[in-house]
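Engineer: Just need the structure, nothing else, for what follows:
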Amino acid sequence: SRRSRPRLSTRTSTRECRSRRRALSTAPSGYPDLAFNGHHYNIFISNSSGDDCPCKQIAVDGTSCSSPALAGLVSLVNEVLIANGKPVVGYLNPMLYQMATDHPAAFNDITSGNNKCNRQWCCQYGFEAAAGWDPVTGLGSPNFQEWINYITDFHGVKK
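Structural biologist: Sure thing, here's the model as predicted:
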């Protein structure tokens, strides 16, 4: 089952946690919402302290990579909608969870792995990936063609 879990810091008081829970939407949502590759994006940086080249290529990781890449996919969805005179998707979360319910093929469910390790160290505790929504991969990774199909059908775009 797809469960919602608010993200709460261990540094907050019980009163703050209750307050944050009330502030969260009651609509199904979790943290994270999606999984997306955030590893080994190649970028180019200057060999000097300025913006001059020659440049060198390095690999970087993290949400600073995956977030803009996913935003690029969303902009492609919006491009199709705009070209057909439809509104852009806007706030994604309600649509993501509705899509997961209506059309699970829109996500690649990631059912193995965990978030206990990174390149530098491993922790004793963490979360395991599982079928459906889980705290490691959310709903899973986007199946882009199925996203386009679902969203354009939802907005009545003729194919």
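
Engineer: Can you tell me the SS state at the residue most central in space within the chain?
Structural biologist: Nearest to the mean C-alpha position of the chain, counting by Cα atoms, centre = their mean, stands Leu34 at 3.3 Å. Of the three states, Leu34 takes coil under DSSP: H, G, I helix; E, B strand; the rest coil.

Engineer: So which bits of stretch 148-155 are buried?
Structural biologist: Judged by neighbour count using 16 or more other Cβ atoms under 10 Å, the buried positions of stretch 148-155 are Ile148, Asn149, Tyr150, Ile151, Thr152, Phe154. Any C-beta I mention is one placed from the backbone N, CA and C, and that applies to glycine too.

Engineer: What helix or strand is the fifth one located in?
Structural biologist: Using DSSP states H and E, the element containing Thr152 is helix 144-154.

Engineer: With adjacent residues omitted, what lies nearest to Ala105?
Structural biologist: Among residues not flanking Ala105 along the chain, Glu146 sits closest, at 5.0 Å (Cβ to Cβ, 6 or more residues apart in numbering).

Engineer: Show me the shaky parts of the chain.
Structural biologist: Within the chain, the stretches with pLDDT under 70 are 1-30.

Engineer: Break down it into its strands, ranges please.
Structural biologist: When assigned using DSSP state E, the strands of the chain occupy the ranges 41-46, 55-60, 107-108, 141-142.

Engineer: Quick one: the ones you listed as TSV, columns for distance to Val74 too.
Structural biologist: Rendered in TSV, the data for the strands of the chain read as follows (distance: least, Cβ to Cβ, whole Å):
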stretch	distance to Val74
strand 41-46	18
strand 55-60	21
strand 107-108	15
strand 141-142	9
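
Engineer: so which of these gets nearest Ala69?
Structural biologist: Nearest to Ala69 among the strands of the chain is strand 41-46 (7.5 Å), distances taken as Cβ to Cβ.

Engineer: Give me the contact list for the closest one.
Structural biologist: Asp52, Cys53, Cys55, Lys56, Gln57, Ile58, Ala59, Val60, Asp61, Cys65, Ala69 (Cβ atoms under 8 Å, 6 or more residues apart in numbering).

Engineer: Quick one: which of the residues you listed is the most crowded by neighbours?
Structural biologist: In terms of neighbours by other Cβ atoms under 10 Å, these top out with Cys65 at 19 neighbours.

Engineer: Just give me the neighbour total for the closest residue to that residue other than its chain neighbours.
Structural biologist: Once flanking residues are discounted, Cys65 sits nearest to Tyr41: 4.0 Å by Cβ to Cβ, 6+ apart. By the criterion of other Cβ under 10 Å, Tyr41 has 16 neighbours.
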